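> Have a look; sequence and predicted model below, questions after that.
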Amino acid sequence: MSKEEILKNCTWDSYDMATLDVNIPILSTNVKIDFLPPLKSGRTLTDDMVLALNSVIKLDVSQLDIIKSYLFWHFNLCCEATYYGFDIDFAEGESNSDANKRYFDIKNEDDAWKKSKLECLIIDEHEGTTVTFQFEVPWEDEHGCEIEFINGKIVNYENNN
């Protein structure tokens, strides 16, 4: 997408942040994109923000596989570290982590992906250009999960605080 197409089709809020729905082919759906331009820059987008959006549009299956693996890693981490207090019976010898995994019925990366909801992508220009995938996930409903890309590569992964 060109900068002109983006500017023509996005909506701006009172803080000079833009929103646009964009089809991401690898995800087979439209995704809400939030643009956070440099502070006090007005209603404009940098060339790097346009490049970042186009890199997301061109994501390939290998990057989707990486996203799935990070979601599954996050799921396992949360199951190990969290006592959810579910009203479920523990099987004999079953750990809290195993009971959590059984409750969510997630056994692999594809299961984690299917039970995750991509809320939006944020393209941020405050400290270099980053693209953050914000997911709503059932195993971490308070904070969600974020996966951050720079130049089309995952560079950071954390809870969405």
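The structure has been received and is ready for your questions. Numbers count the residues shown, from 1 in each chain.

> counting contacts, what elements does the top helix by length along the chain pack onto?
Secondary structure of the chain read by DSSP state H shows that its longest helix is helix 61-81. Identification of packing neighbours for helix 61-81 by 3 or more CB pairs under 8 Å, 6 or more residues apart in numbering; DSSP states H and E yields helix 96-104, helix 109-114, strand 145-150, strand 153-158. (C-beta placed from N, C-alpha, C; glycine too.)

> what comes up buried for the next helix or strand after the second one?
By that I understand helix 109-114. Toward the C-terminus, helix 109-114 is succeeded by strand 117-124 as the next helix or strand (DSSP states H and E). For strand 117-124, a neighbour-count test (16 or more other CB atoms under 10 Å) marks 118, 119, 121, 122, 123, 124 as buried.

> Using TSV, please lay out the helices and strands packed on helix 61-81 together with mean neighbour count and distance to residue 50.
Formatted as TSV, those follow (neighbours: other CB atoms under 10 Å; distance: least, CB to CB, whole Å):
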stretch	mean neighbour count	distance to residue 50
helix 96-104	17	38
helix 109-114	17	28
strand 145-150	20	15
strand 153-158	13	18
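
> Residue 107: neighbour count?
11 (other CB atoms under 10 Å).

> which residues does it contact?
Residue 107 makes contact with residue 101, according to CB atoms under 8 Å, 6 or more residues apart in numbering.
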